[in-house]
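Engineer: Sequence first, predicted coordinates after that:
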Amino acid sequence: MKERIDQPGWISRMLSCIFLLTCISVSANAANYVTVAVIGNRVPVPDKTQGMQKVVEQVKGFWHKKILQVLPDKPDLIVLPEYCDFPKGISRQEREEYLNVRKNQIQEFFASESKANRCYIAFGMRREMEDGNWRNSCIIVDREGNIAGIYDKKFPTVGDMEGGVKTSDKTPIIQCDFGTIGCAICFDLNFDELRRVYEQKKPDIIVFPSMYHGGLVQNTWAYSCRSFFAGAMAFREIPSEILNPQGEIVASTTNYFDYTVARINLDCRLAHLDGNWEKLTSLKAKYGSAVKITDPGRLGSVLISSEDKNIPVEQMIKEFEIELLDDYFDRSRRYRLEPGNME
């Protein structure tokens, strides 16, 4: 007697296999381009005469218009500033009234925007916990409007803590469909202990909702963490910028435009020039325009990016036995400790 085939089950298993193979194929592809937008601005002084619900609606209207500016570039990720829904010109008491009315409305608004536009949105806001305490948070919603992850500020200012914000001891790495994200919020940037966590975890992108810029510290974070860095400032006067893993600015807002967009390639690695000169020359000779080698000068390291649709940068590096930056530094540390090298 012939075995009866369960057709619905068989079809389901086949579709699962096809989906899995597709995922594996995509993950193996190189040239992992991601379009990132940062918007640096703040909600202007609202009309408070009609109550705080009206203020909530003004906040939604403001950010809806700002997000519209970057949509022509079809961003994968939009980064907004710290406390992005707090308008200018409201007192502490008015802010408490606003929070009591706002509840989850702004979070739900950004979720609807991300779903409507098929992108991730990272935004800073004061978030109430179940126990009634507050956090200064960066919330990331995904393309379906679901929460992809939340980072709670690890190092709030003394003023923020005096105002009721509690600190966090967690440093999550948030998984997105294009790669991984780490977060830092404003004052966090001053603390090496947080940066060192990201040095170990090496997220693809560090998002930085903030009230202050940080100057050269941004460059240090990007380079030491081997990550792209996307900062959104709450003031037009301060540039909101996107940096590459060498700490170079690749896009910035200006005095005319409060937003900027960059298409970045996450399939990249850093390598030192020592011992790699001939290998890099051979790599470029073979792959030509399919590989990009970026030298900022004065740094001694270069950024290698695969522009090929099918060959990831790791495969190129392995093929030519190129020693990566961190591997070279680790080898130097070990060699320093060998007998005869230290007095």
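Structural biologist: Noted; the coordinates are in hand.

Engineer: ok, the one helix or strand residue 304 maps to: who's next to it in the sheet?
Structural biologist: Assigned by DSSP states H and E, residue 304 falls within strand 301-306. Its sheet considered, strand 301-306 pairs with strand 268-272 (antiparallel), strand 291-294 (antiparallel) by DSSP bridges.

Engineer: Please identify the most buried of those strands.
Structural biologist: Stretch with highest mean neighbour count among those: strand 268-272 (a mean of 21; mean count of other CB atoms under 10 Å). Quick note: C-beta positions are derived from backbone N, CA and C, even for glycine.

Engineer: State the mean pLDDT of that strand.
Structural biologist: Averaged over strand 268-272, pLDDT sits at 98.

Engineer: can you list the residues that contact that strand?
Structural biologist: 226, 245-246, 280, 300-306, 313-314, 317, 322-326, 328-329 (CB atoms under 8 Å, 6 or more residues apart in numbering).

Engineer: and with 6 Å instead?
Structural biologist: Strand 268-272 has contacts (CB atoms under 6 Å, 6 or more residues apart in numbering) with 226, 300-305, 313, 322, 324-325, 328.

Engineer: How far does it sit from its chain's centre?
Structural biologist: In terms of CA atoms, centre = their mean, to the nearest Å, the centre of strand 268-272 is found 19 Å from the chain centre.

Engineer: coming back round to it: out of the strands paired with strand 301-306, which gets nearest to residue 78?
Structural biologist: Nearest of the strands paired with strand 301-306 to residue 78, taken as CB to CB: strand 268-272 at 21.9 Å.

Engineer: buried stuff in the next helix or strand after the closest one?
Structural biologist: Using DSSP H and E, the next helix or strand after strand 268-272 towards the C-terminus is helix 277-287. The neighbour-count check on helix 277-287 (16 or more other CB atoms under 10 Å) flags 279-280, 283-284, 287 as buried.

Engineer: Ok, stretch 95-108 next?
Structural biologist: Neighbour-count burial for stretch 95-108, counted by 16+ other CB under 10 Å, picks out 95, 98-99, 102, 106-107.

Engineer: Tell me the one among those residues nearest to residue 144.
Structural biologist: Distance to residue 144 across the buried residues of stretch 95-108 (CB to CB) is lowest for residue 107, with 14.5 Å.

Engineer: three-state assignment of the closest one?
Structural biologist: helix (DSSP: H, G, I helix; E, B strand; the rest coil).

Engineer: thought residue 306 was touching residue 314?
Structural biologist: No. Between residue 306 and residue 314 there is no contact under CB atoms under 6 Å: 8.5 Å.

Engineer: The two: who's more crowded?
Structural biologist: residue 306 (25 against 14; other CB atoms under 10 Å).

Engineer: contacting residues around the more buried one?
Structural biologist: 30-31, 267, 312-313.
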